[in-house]
Structure formats: structure tokens, C-alpha cells
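In: kindly return the folded structure for what I paste below:
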Amino acid sequence: MKEGKVSYKVTKNVGIIEFYHPAHNALPSEVLDQLARTIDEAGDDPEARVIVLQSAGDRTFCAGASFDELVAIENETTGKAFFMGFAKVINACRKCPKLIIGRVQGKAVGGGVGVASAVDYCIASKFASIKLSELAIGIGPFVVGPAVERKIGTSAFSQLSINAKEWRTATWAQEKGLFYEVFDNNKQVDQYVMHLADTLAEMNPEAMTALKKTIWSGTDHWDDLLEERAAMSGRLVLSDFTRDAIASFKSKS
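Out: A predicted model of the protein is given here:
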């Protein structure tokens, strides 16, 4: 990949997946595809008993969709294909037979909130503010919505979705159930992530797989649901409103 990368390593039965992109860890199609494939790979790896999903850098976990790629979408087919990248990552997390710990060291926007919602246990720093900004650019958090709503409930999801320009603090996200632990700095985050991962790596893999299935019960229809949502977003991204909104945002950044 010309920009961005996904890496995977296993240390003491803990599989660590890390993604990176120079634009605040945004997720263009190539990174999304590689991330979904890597989650599948880690799920099949007998050396990894538990997985940690994280991004590189200090203050931004994930800026969500790549605006450069959004403005380049020319038709509904390519639009749906782009948003299917997020659907594949969410479904890969959902179907992975191993528990996934999320490390959220900084801000998460849009698809980044979706990724944080798709892991099984999320640990964050106090700098991990969140925002679902999709409505502000004329789309809506349709693909990530099922994962976010499942984690924080309909009321909190509605607040995030409707008030699309307002950041919510890491404390708010913890209160709503997205983050389970929030720490003052990334050193503490890393220490707790590895403590939990090492603890889980010593537990019965069969029991953890059974627990994972139980936690995600009732989501078997998500393959079809997220594809429908991707098509919806793929249509909306072609609107003049969305193109103007993205152009305006890029001119200010």
C-alpha cells in the first residue's frame, strides 16, 4: 500500500493487529481490505489465543473514511464497494472466533467509532473523544450503526448520530458502554491492555470461543444488513450536498 499499512504479530499467544495511515489513521479501501483479511488471519492462527486491535500514533485512533476516496466515487457501484470495506471489518470482528481487545489511544470519528464498537472489550485513554460525523456530510452512520447501537444502545446512538458535529468525551463513551476502562495516559492503557490480553491467553480457548458466540448472538443477519447499509451510503455519497460538504471540510483542514 502506498499510504498506510496493517501489521500483525504474535507474542506469547497474543495476536496484535495494528493499522496506520498518515492522515490521522483514516481508512481508505486498501487499508480496510487488509484489516479485514488480517482479522480473519488472526482468527485462524493457532498461535494466537486472544487478539489486540490497535492503531499507530499517540492521539488519533481512527479518523474514519478517507475523504480523498469519498470525493473520487463516481457511481453507486464504487460507492457501495467503498462502504463495504467497513462492513467487512465489522463482520470480520463479529465472526472472529477469538476475543478482540480494542486499544483506543485517541480520537475516533465515524468508521473509527464503528471499529471500536466491533471489538469485544475496549480500553481507552482520556483523549479518546468520539464523534459520528456522517450526517454532517450528508450520509449518516448506516454501516457502522448496528455495531455502535448494539454496544451503547439506541438512545446514545441517536444522540451521536443526530448531533453529528459535537465531540463526546471518553468518559461519556465509558458511561454508555463503549469503553470499559479509561486511563489518563497511553502507558497505562498499554499496561492494562497487555495485562488483560495475557490473562485471557491463559484461559480455555474453547470456552472463549463459546463466550464470543454468546456475546454476538442475534447478529447472524448482519452480512445482508450491512450490505444494504453500504448500498444506501453509496447512493448518498454521490449527492451534491455531500460533495460540497467534503470540499468545504478539506478546504479548512
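In: A strand includes Glu175, no?
Out: No - applying DSSP: H, G, I helix; E, B strand; the rest coil, one finds Glu175 to be helix, outside a strand.
In: for it, the count of nearby residues, please.
Out: 14 (other Cβ atoms under 10 Å). The way it works is simple: take the backbone N, C-alpha and C, and place the C-beta from them, glycine included.
In: all the strands of the stretch 151-253 of the chain, residue numbers only.
Out: Using DSSP state E, counting those that start in this stretch, the strands of the stretch 151-253 of the chain run over 181-183.
In: could I get the average pLDDT for the host helix or strand of Ala92?
Out: Element membership for Ala92 (DSSP states H and E) is helix 76-95. Here helix 76-95 scores 97 as its mean pLDDT.
In: buried residues in it, which are they?
Out: Neighbour-count burial for helix 76-95, counted by 16 or more other Cβ atoms under 10 Å, picks out 79-80, 82-95.
In: nearest to Phe142 among the residues you listed?
Out: For the buried residues of helix 76-95, the residue nearest Phe142 by Cβ to Cβ is Phe83; the value is 7.9 Å.
In: list the contacts for the residue nearest to that closest one when sequence neighbours are not counted?
Out: Once flanking residues are discounted, Phe83 sits nearest to Ala230: 3.8 Å by Cβ to Cβ, 6 or more residues apart in numbering. Ala230 sits next to Lys80, Phe83, Met84, Phe86, Ala87, Phe142, Val143 when contact means Cβ atoms under 8 Å, 6 or more residues apart in numbering.
In: run the chain-centre distance for the helix holding Ala92.
Out: Offset of helix 76-95 from its chain centre (Cα atoms, centre = their mean, to the nearest Å): 11 Å.
In: show me what it is packed against.
Out: strand 26-27, helix 29-44, helix 111-118, helix 145-152, helix 222-236 (3 or more Cβ pairs under 8 Å, 6 or more residues apart in numbering; DSSP states H and E).
In: C-terminal to it, which secondary structure element comes first?
Out: strand 100-104.
In: which strands or helices does that next one pack on?
Out: Judged by 3+ Cβ pairs under 8 Å, 6+ apart, the packing partners of strand 100-104 are strand 50-55, helix 111-118, strand 121-125, helix 186-201.
In: parallel or antiparallel, list what pairs with that strand.
Out: In the sheet, strand 100-104 lines up against strand 50-55 (parallel), strand 121-125 (parallel) (DSSP bridges).
In: that's all I had, so thanks and see you.
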